[in-house]
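> Using only what follows, build the 3D model:
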Amino acid sequence: MSNITAAAPKSQKSFWENMKARKGQRILVIVLFMIVPLTLLAVFTYIPFFEMIRFSFYNMKYGGQEGTWVGINNYIEVFKRSECFKSLLVSVYYMGGAVIQLALALFFATMFVFHVKGRGFFKGAMFFPYLICGIAVGFIFKFFYARGFVLDSLLQMFGMNIEDIPYWLQDQSINNISLAATSVWRYTGQNMVLFLGAMMSVDTDLYEAASLDGANKWHQFLYIILPSIKSIVVLNLILSISGSLSAFEPPYVITNGTMGTGTYFVIMNRLAHENQKVGLACAMAIVLLAIIVICTVAQNLFFKYVFNDGTEDESKAAVRAKKRAAKAAGKTGSGKGGIS
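Predicted coordinates for the structure are as follows:
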């Protein structure tokens, strides 16, 4: 008879024993901390989003009554309505304002990196507009641009005649520029702080070495600062241009979307709340989401191609040139082999 006995099966731990173990407690803490934010995210983001997609296939109004199924007719009507896509042209003004705002933010952030006197006060003063509610900003500029009020009074103090001053909010050749300027005023400080945070991570020894080599401030910005914060510049540009497509507060509060200032969001809000076309407004929201996604992907691909550095040692252009040279050399070598 063999002395080898069968090994006793390993007893499985119960659920509560696993929970009392260190690994189980760690999993339990992670799950408990994730429940609250995931629940809030689902209740206030994902469920309303899928409900909006469902509503876009119905002809419905506010009031809790289920509308009639219309399929993709709402989406067809979005593309048939000229006002919907004309409003996207208004976003071009806000895109131009976004580029100006980023250029100003980059300029001021660079100035503060080089230790300008009073930079603490100026940083706070420039960031303060971002802390103001967007609705309040709209009311501020509504009176700022009003005929005979703040801006007109300032221009008259500098000698301009009141008849020569345009109607900032009524003149359709300039009113969208005036509204885009409010976004520039509000968001320049925010982008400046983001740029400044990225610039502060650049090694200051590089500035000293560049100064010893005779580089001025412009050269330091062009060859040290800008390459170091390239990813932040691209990110801010993508977010600013995508946000320009969904501009809402300035035209809604200041002009209520009249006189050719209605953006896509203002038209969508008017259809939903004034005309009670909830299904059509939901379809507009889905179309806008698709446009923003397409624009974001296109921008990412564009900047990935433009700012691709190839390898750590060579730029992308140098890598392509080397490949072309190797390919040409291979063809030449094969040709010589054929002749011999």
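> quick one, what contacts L155?
I165 (CB atoms under 8 Å, 6 or more residues apart in numbering). Every residue, glycine included, has its C-beta placed from N, CA and C.
> Please tell me how far it sits from K142.
Plainly put, L155 is 18 Å away from K142 if you go by CB to CB, to the nearest Å.
> burial count for the spatially closest residue to K142 that is not a sequence neighbour?
Spatially, and ignoring its direct neighbours in sequence, K142 is nearest to I254 (4.7 Å; CB to CB, 6 or more residues apart in numbering). Counted with other CB atoms under 10 Å, residues neighbouring I254 total 26.
> Would it be right to say that I254 lies in a helix?
Yes: counting by DSSP: H, G, I helix; E, B strand; the rest coil, I254 is part of a helix.
> tell me the contacts of it?
I254 sits next to 138, 141-142, 145, 169, 179, 182, 261 when contact means CB under 8 Å, 6+ apart.
> which ones are touching F114?
By CB under 8 Å, 6+ apart, the contact set of F114 is K217.
> For it, report the pLDDT, please.
Here the pLDDT value assigned to F114 is 80.
> Look up how far F221 lies from it.
9 Å.
> what's the next secondary structure element after the strand or helix carrying I35?
I35 belongs to helix 22-41 when assigned by DSSP states H and E. Downstream of helix 22-41, the first helix or strand assigned by DSSP H and E is helix 47-55.
> right, and the helix or strand after that following helix?
The C-terminal neighbour of helix 47-55 among helices and strands, as given by DSSP H and E, is strand 58-59.
> tell me what that following strand is packed against?
strand 68-69 (3 or more CB pairs under 8 Å, 6 or more residues apart in numbering; DSSP states H and E).
> what's in contact with the strand it packs on?
Outside of strand 68-69, the residues within contact range by CB under 8 Å, 6+ apart are 57-60.
> Ok, stretch 122-130 next?
The contact list for stretch 122-130 (CB under 8 Å, 6+ apart) reads 108, 112, 116, 137, 185-190, 192-193, 196.
> at 7 Å instead, please
Contact partners of stretch 122-130, identified using CB atoms under 7 Å, 6 or more residues apart in numbering, comprise 108, 112, 185-190, 192-193.
> Helices along the stretch 1-150 of the chain, start to end?
For the stretch 1-150 of the chain, applying DSSP state H, counting those that start in this stretch gives helices covering 15-20, 22-41, 47-55, 73-80, 82-113, 119-131, 134-144, 150-157.
> between those helices, which one is nearest to V266?
Of all these, it is helix 82-113 that lies closest to V266, at 7.2 Å by CB to CB.
> State the distance from Y93 to M259.
Going from Y93 to M259 by CB to CB gives 13 Å.
> Comparing those two, which residue is more hemmed in?
Each of Y93 and M259 has its neighbours counted (other CB under 10 Å); Y93 has more, 22 against 15.
> Run the angle between the helix holding I35 and helix 47-55 for me.
Orientation check (axes from the mean of the first three to the mean of the last three CA atoms, to 10 degrees): helix 22-41 against helix 47-55 gives 50 degrees.
> Which positions in helix 22-41 come out as buried?
Across helix 22-41, burial judged by 16 or more other CB atoms under 10 Å covers no residue at all.
> could I get that helix in PDB with only the CA atoms?
The C-alpha trace of helix 22-41 is given here as PDB (Å, rounded to 0.1, in the frame of the first residue of the first chain):
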ATOM      1  CA  ARG A  22      -6.300  43.400   2.300                       C
ATOM      2  CA  LYS A  23      -6.900  42.900  -1.400                       C
ATOM      3  CA  GLY A  24     -10.700  42.700  -0.900                       C
ATOM      4  CA  GLN A  25     -10.800  45.800   1.200                       C
ATOM      5  CA  ARG A  26      -8.900  47.700  -1.500                       C
ATOM      6  CA  ILE A  27     -11.400  46.600  -4.100                       C
ATOM      7  CA  LEU A  28     -14.300  47.500  -1.800                       C
ATOM      8  CA  VAL A  29     -12.900  51.000  -1.300                       C
ATOM      9  CA  ILE A  30     -12.400  51.600  -5.000                       C
ATOM     10  CA  VAL A  31     -15.900  50.400  -5.800                       C
ATOM     11  CA  LEU A  32     -17.500  52.500  -3.100                       C
ATOM     12  CA  PHE A  33     -15.600  55.600  -4.200                       C
ATOM     13  CA  MET A  34     -16.600  55.000  -7.800                       C
ATOM     14  CA  ILE A  35     -20.300  54.500  -7.200                       C
ATOM     15  CA  VAL A  36     -21.200  58.100  -6.400                       C
ATOM     16  CA  PRO A  37     -19.500  59.800  -9.400                       C
ATOM     17  CA  LEU A  38     -20.500  57.100 -11.800                       C
ATOM     18  CA  THR A  39     -24.100  57.300 -10.600                       C
ATOM     19  CA  LEU A  40     -24.100  61.100 -11.000                       C
ATOM     20  CA  LEU A  41     -22.500  60.800 -14.400                       C
END
